[in-house]
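**Q** what follows is a protein structure lacking sequence information:
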């Protein structure tokens, strides 16, 4: 059996040296998040509107692994305290900061459907 070595998408060392906005743009450019975002769309238009930016929240979950953020509580605190981090994930300045419960629901849906 032969071993096939897959080329990397990007060099981790170079990625760590980039500015935060460029780093996340490079990280997310090859990823297609549309199927994951579709898991969180409302099935009907009746009821309260969706007020959470699920695309940015999914990006935050992925970046928490990249940045080594150990807990959801630490991720929520980083989003609340670091505006540059929040905006680089795709949240708008006026977006409500997601809570620990929001991230818990996101992780639960992902674990059930993926």
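**A** Perfect, I can see it now. Bear in mind the structure is a predicted one, so any value in this text is a computation, not a measurement.

**Q** spatially central residue in the protein, please.
**A** When the chain is reduced to its mean C-alpha position, the closest residue under Cα atoms, centre = their mean turns out to be residue 59, at 1.2 Å.

**Q** how far off centre is whichever strand or helix holds residue 78?
**A** Using DSSP states H and E, residue 78 sits within helix 72-81. Between the centre of helix 72-81 and the centre of its host chain there is 13 Å, according to Cα atoms, centre = their mean, to the nearest Å.

**Q** give me the buried stretch members for that helix, please.
**A** 72, 75, 76, 78, 79 (16 or more other Cβ atoms under 10 Å). For every residue, glycine as well, the C-beta is placed using N, CA and C.

**Q** give the next helix or strand downstream of that helix.
**A** Next helix or strand after helix 72-81 toward the C-terminus (DSSP H and E): helix 83-89.

**Q** now do the helix or strand following that next one: distance to the chain's middle.
**A** Heading C-terminal from helix 83-89, the first helix or strand you meet, by DSSP H and E, is helix 100-113. In terms of Cα atoms, centre = their mean, the centre of helix 100-113 is set 12 Å apart from its chain centre.

**Q** pLDDT of helix 100-113, averaged?
**A** The average pLDDT within helix 100-113 is 91.

**Q** tell me what that helix is packed against?
**A** For helix 100-113, the helices and strands in contact under the criterion 3 or more Cβ pairs under 8 Å, 6 or more residues apart in numbering; DSSP states H and E are helix 54-67, helix 72-81.
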